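[1] Give me coordinates for this.
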Amino acid sequence: MARRIVDLTQPLAPDGADGSFSVREYERPRSGHGVFHRVAMETTVGTHVVTSRRYLASGYSLSEAPIDRFFGEGVVVRLAASNGATEITQMDLDEAAGDRLRRDDIAVLALAPKVSGGARLSVFASQWLWDKGVKMLVLDERIAIGSSPSWNEERTVLTSLFANEIPVVRGATNTDQLSDERFAVMALPMRIEGVEAWPVRVVALDPGEPPSDDPPPAPAPSDEAVAAAPEAEPSAGGDADAPAPAATPKAESSAGDDAPEKPAEAPTAEATLTEETDTEEDKPAADQTPAEVADAESAPPEATASDDAGDDSTPEEPEELGETDEKAADDVSDAESESSRQSG
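    The predicted model follows:
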């Protein structure tokens, strides 16, 4: 697994304003005029580790400290300090670490990048740490020890940690580059007899990425979700590439439900012819006067054949024959009489 190398160590600048670290350069003629340096410093300069020899007579020095205390697995405990308080409490640590901190872990206490100012580690927070079984504590350079800037407060907090053989690294930097993953961390001091503190190079091997203020990207749909998505089917006889028709606005009912509006049907040819015929029959002739139109509308309708067939009234008597019809009948009688004589 690829890991990022995060250097949590402050660079040391010689000849600082406080005089805690000075370097003198010189040459040795008998050594081929090589360049050498003589260093004068305090043991607590820069990023350094403090052991229990500081306040406990029975405590161990750098040469006596168990070597496995200075390296192992670690997690960053990032304090948001949302309550605005400068004192780190047990509740702050519990919310920041949760269940990520295990026994024999190295805890790296840091402040969120957007938090301005610093914070102070209280004695109750130190008790929470050794209760969790932390084997080494690394403090960000913005975190001081003790509820107030006094030696008595610092001694109380450190004594509670040293009593449980927990060395403390102070002045760590670049803690904002650490991820929330578990990482390997080491802070190895020189093995010096009788010395309680010494500068260290603190290095973390982090498998994760540093935290970012940007929101995480939306997850891409899985192959199963893409395969399960229904595809739009083209309508019968339609073009599959044709654009979809615009959505018809829905009418709102009194109950608040959206009911789809039925599209208007186109009139058929038969209905059109019927309407035109009715219109022509109902339309009065252009040469009729208003009086003739009124008489035509008031006249009773003519009887149809079906009405005559179903009428039970007495049939009309046949009309009498006229003179022409009588003459034709006499001619037929005379012709029949002449034919009888000839046959006889």
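[2] in stretch 116-126, what counts as buried?
    The neighbour-count check on stretch 116-126 (16 or more other CB atoms under 10 Å) flags 119-126 as buried. Placement of C-beta: from N, CA and C, glycine included.
[3] of all these, which comes closest to residue 36?
    Checking the buried residues of stretch 116-126 against residue 36 with CB to CB, the nearest one is residue 121 at 40.0 Å.
[4] Which pLDDT value goes with residue 273?
    Listed pLDDT for residue 273 reads 44.
[5] Let me fix that, I meant to ask about residue 177.
    95.
[6] Residue 209: neighbouring residues, count only.
    Close neighbours of residue 209, defined as other CB atoms under 10 Å, add up to 11.
[7] same deal with the one 3 residues further on?
    Summarising burial for residue 212: neighbours were counted as other CB under 10 Å, giving 7.
[8] Residue 100 versus that one, what's the distance?
    19 Å (CB to CB, to the nearest Å).
[9] tell me the phi and psi of residue 54?
    Dihedral pair for residue 54: phi -60, psi -50, per degrees, to the nearest 10.
[10] Hmm, residue 195 and it touching each other?
    No. Checked against CB atoms under 8 Å, the pair residue 54 and residue 195 is beyond contact range at 10.4 Å.
[11] higher neighbour count, these two?
    Neighbour count, other CB under 10 Å: between residue 54 and residue 195, residue 54 has more, with 19 against 15.
[12] got a list of what the closest residue to the more buried one other than its chain neighbours touches?
    Closest residue to residue 54 apart from its sequence neighbours, by CB to CB, 6 or more residues apart in numbering: residue 196 at 4.6 Å. By CB atoms under 8 Å, 6 or more residues apart in numbering, residue 196 lies in contact with 43, 50-54, 59, 61-62.
[13] Quick one: mean pLDDT for stretch 15-34?
    82.
[14] Only the buried residues of it, if you could.
    With burial defined by 16+ other CB under 10 Å, the residues of stretch 15-34 counted as buried are residue 21.
[15] now do stretch 62-80
    Using 16+ other CB under 10 Å as the test for burial, stretch 62-80 gives 62, 65, 69-71, 74-79.
[16] Quick check: of those residues, which lies closest to residue 89?
    Among the buried residues of stretch 62-80, and counting by CB to CB, the member closest to residue 89 is residue 79, at 9.9 Å.
[17] Show me what the closest one is bridged to.
    For residue 79, the beta-bridge partners under DSSP bridges are residue 111.
[18] Contacts only, for it.
    88, 92-93, 96, 109-112, 115, 119.
[19] Using the record's assignment, carve this protein into domains.
    13-41, 48-206 (automatic domain parsing).
[20] between these, which gets nearest to residue 4?
    Of all the domains of the chain, domain 48-206 comes closest under CB to CB, at 4.7 Å.
[21] Buried residues of stretch 154-164, list them for me.
    Across stretch 154-164, burial judged by 16+ other CB under 10 Å covers 154, 156-162.
[22] Dump these into JSON lines; add secondary structure as well.
    Converted to JSON lines, those look like this (DSSP: H, G, I helix; E, B strand; the rest coil):
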{"residue": "154", "secondary structure": "helix"}
{"residue": "156", "secondary structure": "helix"}
{"residue": "157", "secondary structure": "helix"}
{"residue": "158", "secondary structure": "helix"}
{"residue": "159", "secondary structure": "helix"}
{"residue": "160", "secondary structure": "helix"}
{"residue": "161", "secondary structure": "helix"}
{"residue": "162", "secondary structure": "helix"}
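[23] Residue 135: which of those residues is nearest?
    Distances from residue 135 to the buried residues of stretch 154-164, taken by CB to CB, are shortest for residue 161, at 10.8 Å.
[24] any idea how far the residue nearest to residue 54 is from residue 102?
    From residue 196 over to residue 102 (counting by CB to CB), the distance is 28 Å.
[25] Having no further points to raise, I will conclude here.
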